[in-house]
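**Student:** Would you be able to build a 3D model of this:
(2 chains)
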There are 2 protein chains.
Amino acid sequence: MISKQMEKYGSTRSCIRELFEFGRRMKAEKGEDAVFDFSLGNPSVPAPKEVNEAIVEILRTKPSIQVHGYTSAVGLDAARDAVAQDLNARFGTHYTRDAFYMSVGAALALTSVCKALTLGPETEFLTFAPYFAEYSVFSTVAGARFKAIPPNPPTFQPDAEALRAALTPNTQGVIINSPNNPSGVVFTEENLRAVAEVLVAKEEEYGHPIYLLSDEPYRELVYDGAVVPHLPLLYKNTVICYSFSKCLSMPGERIGYVLMPDEIDDCEAMRYAVAGAARQLGSVCAPSLMQQVIARTAHLRPDLASYEKNRALLYGALTKMGYKCVRPDGAFYLFMEAPGGDAKAFSEAAKEKGLLLVPADDFGCPGWLRASYCVDYDMIVRSLPAFEKMMEEFNA
Amino acid sequence: MISKQMEKYGSTRSCIRELFEFGRRMKAEKGEDAVFDFSLGNPSVPAPKEVNEAIVEILRTKPSIQVHGYTSAVGLDAARDAVAQDLNARFGTHYTRDAFYMSVGAALALTSVCKALTLGPETEFLTFAPYFAEYSVFSTVAGARFKAIPPNPPTFQPDAEALRAALTPNTQGVIINSPNNPSGVVFTEENLRAVAEVLVAKEEEYGHPIYLLSDEPYRELVYDGAVVPHLPLLYKNTVICYSFSKCLSMPGERIGYVLMPDEIDDCEAMRYAVAGAARQLGSVCAPSLMQQVIARTAHLRPDLASYEKNRALLYGALTKMGYKCVRPDGAFYLFMEAPGGDAKAFSEAAKEKGLLLVPADDFGCPGWLRASYCVDYDMIVRSLPAFEKMMEEFNA
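**Tutor:** Predicted coordinates for the structure are as follows:
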């Protein structure tokens, strides 16, 4: 007498968390050094010191009931002001606090937006593969259909013509994620402009808005001068779902926001609907202390030095071994073709050697693997013989 | 092209938060002293000093990526151990960490449990009126029906015979809330035993479990020696949804748990289904720093002195003025009959005087009002003339 569907969601979990749990158990059994865990996108760089300084300062100066009390459902004015100011300074926009809904992380943000946009079982959300596996969960909980546009190797840039072919009058939203998880690719302005052109044409054709849902937790994690275009400047009906998880290295604190610019169609209805959806999803407000932290730290950027160093080591070593890797311009993921072609088989065999890599089958990209390099540099060094052995075994 | 249902949930919001926002605006316009806000259940007692001490100590001694990183979806072992130990010490139980799912507050906990138990649109959740208004939202988001058993004035104790009449083979859960929001009533062991007896008989009759979903955020807030029975000791199929919001005065931090004892039917399926439902609802893990705080503070009890003082003042003064109040044994709510009989009209008129009281219509109890006395003592003193004037006007 328990929902089979929910039981399945809970028992299968995401394959990422499954690997993470496996790694935890293996470490407990065989020791920390026996496991090379490239599974989880858990930042390895400490939060900027200003984060903890802000916490201590808030505790020291503000009364407890203000620090730990409920906030408005949309979030604290100070947090929303800080986020607006930071974006305005960087992108020349004119956002005000009203455009922001502070959310319990990006997962809730995206789920709420999907729910706000779902009109019935015919509603569709599209995304480009490879994609973050939970997108299909976020869409289906809303009661909508989820469709992925096939991957576009070897660049994995969004293919506007493939998007044109996939759109239907029931498409309410296109989820886009750049820098991309799992590929590490940063979508170019040229390709994004092509995407925007297709969407504008299709909005005209269908006579209703198609929202671009931009999932941007890795916005600030780019290398070699790569630029992440600010999508509202390229396409009017853009809604941004953001998380401070990666930028401020605080994924466990569950703090992010939905940005719904004044310019989007049905703006007021959308803002109410996102708040209503979040409420229905069991959210009361984003964690209050962390909202106050964001009010003081929204302008901070992460220290990318160690990710850059890890990226250079892993990308260099693996390509030298013969792995076919996508050059990662952003995020902290290295995407590689599975030697032998079967990513699940490769990942299973790698587990035996303590090497935890996520097969991209659940990301809509069979045959590829994701390695998170937000890890200890020394672990990467120690892991290289295992990568080498795997290549020998699977490329025979 | 936005979901009308979500827009409605977001624009109407709960009437409590509506009043709270009204109060905020009115304070900004007319000054703090012009508003007597009895609307929100926001604890007025600071968190125990150990909470902030624990935060500072955790920041000082633990590496940032551990403090702010993801935890397992079910939560940190240390947090679940601490909660288990605290309950075992108080109730003689033998819970282990496996029985607990750490959640983003009680709202997510309840929503997840409802979703885990919903088999189809025929599924029903029952509760006793008056009830926390969001229960109907939690049930309907799961896709189930929500039914309230009519209120039982003047004691507002649960009526086992009324429950017997309301149960159907489609009832999957009965939500129970003691100390009660909004009535402040603590359900007696005798009445709870009668409820348990009815449930056992109906489980037998229907051939399937009926879960008692005990929403217990006010468990530790009781006065004059009132006792809150530990429901799993009275009824096997009890699932507890708990929040630290009220006990540790940190409602904004969104930290709570679901307790699913080993003894409940389909225990393993339930635990998976609750985790799966929370995942579907956009939850990744409960806020990580707060989980670590709970690991160190789960045994703390709130300082009830100021609530007791407020309660004595408000209950004493209002009954003297002629208000018919329920003597509040727990929580921090005073429940009173609206003079004149129309609680909404009374509340609207009271707003004009800066007096914010929640009409209990949305709690399934028309004609009654809720006053939250988790407020400043002096505010209560200053509010009394307004109460007096309202009584004169409405009892004419």
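
**Student:** Can I take it that A:M336 is in a helix?
**Tutor:** No. Judged by DSSP: H, G, I helix; E, B strand; the rest coil, A:M336 forms no part of a helix; its state is strand.

**Student:** Against chain B, how distant is it?
**Tutor:** 24 Å (C-beta to the nearest C-beta, to the nearest Å). In this view, the C-beta of every residue, glycine as well, is placed from N, C-alpha and C.

**Student:** Give the bridge partners for that residue, please.
**Tutor:** On the basis of DSSP bridges, A:M336 is bridged to A:C325, A:L369.

**Student:** A:L318 is in contact with that one, correct?
**Tutor:** Yes. Under the criterion of C-beta atoms under 8 Å, A:M336 makes contact with A:L318 at 6.4 Å.

**Student:** Quick check: neighbours shared by those two?
**Tutor:** Common contact partners of A:M336 and A:L318 (C-beta atoms under 8 Å, 6 or more residues apart in numbering or on different chains): A:C325.

**Student:** Quick one: residues in contact with stretch A:2-14.
**Tutor:** Under C-beta under 8 Å, 6+ apart, the answer for stretch A:2-14 is A:18, A:21, A:133-134, A:137, A:362, B:73, B:115-119, B:266, B:269-277, B:279-280.

**Student:** out of those residues, which are buried?
**Tutor:** Buried members of these, counted by 16 or more other C-beta atoms under 10 Å in any protein chain shown: A:21, A:133-134, A:137, A:362, B:73, B:115-118, B:266, B:269-277, B:279-280.

**Student:** Of those residues, which belong to helices?
**Tutor:** Of those, the ones assigned to helices by DSSP state H are A:21, A:134, A:137, B:115-117, B:269-277, B:279-280.

**Student:** for chain B, what are the nearby residues on the stretch 101-250 of chain A?
**Tutor:** Taking C-beta under 8 Å from any C-beta of the partner chain as the contact definition, the stretch 101-250 of chain A meets chain B at A:104-105, A:107-112, A:115-119, A:134, A:137-138, A:140-141, A:172, A:208-209, A:249-250.

**Student:** what does the stretch 251-396 of chain A give?
**Tutor:** Counting by C-beta under 8 Å from any C-beta, the stretch 251-396 of chain A sits next to chain B at A:251-254, A:265-266, A:269-277, A:279-291.

**Student:** how about a cut-off of 10 Å?
**Tutor:** Proximity of the stretch 251-396 of chain A to chain B (C-beta under 10 Å from any C-beta of the partner chain) is limited to residues A:251-255, A:265-293, A:374.

**Student:** where along chain A do the helices fall?
**Tutor:** A:4-12, A:15-30, A:49-61, A:64-67, A:77-91, A:105-117, A:134-141, A:160-166, A:189-206, A:267-280, A:288-297, A:305-321, A:343-352, A:377-394.

**Student:** Pull out the buried positions in the last one.
**Tutor:** Of the residues in helix A:377-394, those buried under the neighbour-count criterion (16+ other C-beta under 10 Å) are A:379-380, A:383-384, A:387, A:390-391, A:394.

**Student:** same thing with the fourth one?
**Tutor:** The neighbour-count check on helix A:64-67 (16+ other C-beta under 10 Å) flags A:64-65, A:67 as buried.

**Student:** how's chain A carved up into domains?
**Tutor:** The record's domain parsing of chain A by automatic domain parsing lists A:4-47+A:303-394, A:50-297.

**Student:** looking at the ones you listed, which one has the lowest mean pLDDT?
**Tutor:** Here these differ in mean pLDDT, and the lowest is domain A:4-47+A:303-394 at a mean of 93.

**Student:** distance between it and the chain's centre?
**Tutor:** 17 Å (C-alpha atoms, centre = their mean, to the nearest Å).

**Student:** and the closest residue to A:L234 other than its chain neighbours, how many neighbours?
**Tutor:** Leaving aside its chain neighbours, A:L234 sits nearest to A:A196 (4.9 Å; criterion: C-beta to C-beta, 6 or more residues apart in numbering or on different chains). A:A196: 20 surrounding residues under other C-beta atoms under 10 Å in any protein chain shown.

**Student:** Please report how far A:A196 lies from chain B.
**Tutor:** Counting by C-beta to the nearest C-beta - A:A196 and chain B are separated by 18 Å.

**Student:** got it, and A:G173?
**Tutor:** Distance from A:G173 to chain B, by C-beta to the nearest C-beta: 10 Å.

**Student:** correct me, but that residue touches A:M270?
**Tutor:** No. Using C-beta atoms under 10 Å, A:G173 is not in contact with A:M270, being 11.0 Å away.

**Student:** anything in contact with each of these two?
**Tutor:** Residues touching both A:G173 and A:M270 by C-beta atoms under 10 Å, 6 or more residues apart in numbering or on different chains: A:113, A:116-117, A:209, A:211, A:237, A:239.

**Student:** quick one, what contacts the closest residue to A:C285 other than its chain neighbours?
**Tutor:** Spatial nearest neighbour of A:C285, excluding adjacent residues (C-beta to C-beta, 6+ apart): A:T71 at 4.6 Å. When contacts are counted by C-beta under 10 Å, 6+ apart, A:T71 touches A:77-79, A:102, A:284-288, A:291-292, B:42, B:251-252.
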